[in-house]
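A.B. asks: One predicted model, sequence on top.
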Amino acid sequence: METKQHELEESENLMRRIIDLVPYLIFVKNIHRQYIVANQEEGKLYNMPVDSLLGHSDDELVNDIDELNAIHESDTKVLEQRQMIKLPEQTISLPDGTRRVLQTIKVPFINDITHNPNILGVSFDLTSVREMEQQLRKSEERVKDLENKLASR
């Protein structure tokens, strides 16, 4: 019995190391939409240790009601229709006032112990990409302004 417990602990430690090495946000929410698994990147998003994130829901973590409603809607689709969904872009307003842009995939799966549906989510943080795109647009506008000024001389 002790060997099985040790093997289970080793397996859990291996899984934790693997998901923490992935440079994307990974989470699992239960049927009540509470985080039951999260990797280090997910903890960084909410500026809290992973252990502190577990047991919380987005209701406690996301400040904008429209964003929260969008999260609830996608979670409900996954839980009720049991189909994978892709969110090409969603904005999340965090408690510290920052906003992040995420691309998320949510997949349903049945918990072997409770037999309830859960949500497995993987998100890619697009915030820096969107910021660079905005800077590029501003630079292009400045170049066009300069070209117009030079052309009018």
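C.D. replies: Okay, I see it.
A.B. asks: Would you mark the buried spots in stretch 25-37?
C.D. replies: Leu25, Ile26, Phe27, Val28, Lys29, Asn30, Arg33, Gln34, Tyr35, Val37 (16 or more other Cβ atoms under 10 Å). Backbone N, C-alpha and C define where each C-beta goes, glycine included.
A.B. asks: Can you give me the first-to-last residue distance of that stretch?
C.D. replies: 11 Å (Cα to Cα, to the nearest Å).
A.B. asks: can you give me the mean pLDDT across that stretch?
C.D. replies: Mean pLDDT, stretch 25-37: 96.
A.B. asks: go on, stretch 135-153?
C.D. replies: Stretch 135-153 comes out at a mean pLDDT of 76.
A.B. asks: Could you give the separation of that stretch from the chain centroid?
C.D. replies: Chain-centre distance of stretch 135-153: 37 Å, with Cα atoms, centre = their mean, to the nearest Å.
A.B. asks: Now tell me what touches it from outside.
C.D. replies: Where contact means Cβ atoms under 8 Å, 6 or more residues apart in numbering, no residue beyond stretch 135-153 reaches it.
A.B. asks: For this protein, just list every one of the helices.
C.D. replies: 2-21, 40-45, 50-53, 65-81, 127-151 (DSSP state H).
A.B. asks: any idea which of those helices is most buried?
C.D. replies: helix 40-45 (a mean of 19; mean count of other Cβ atoms under 10 Å).
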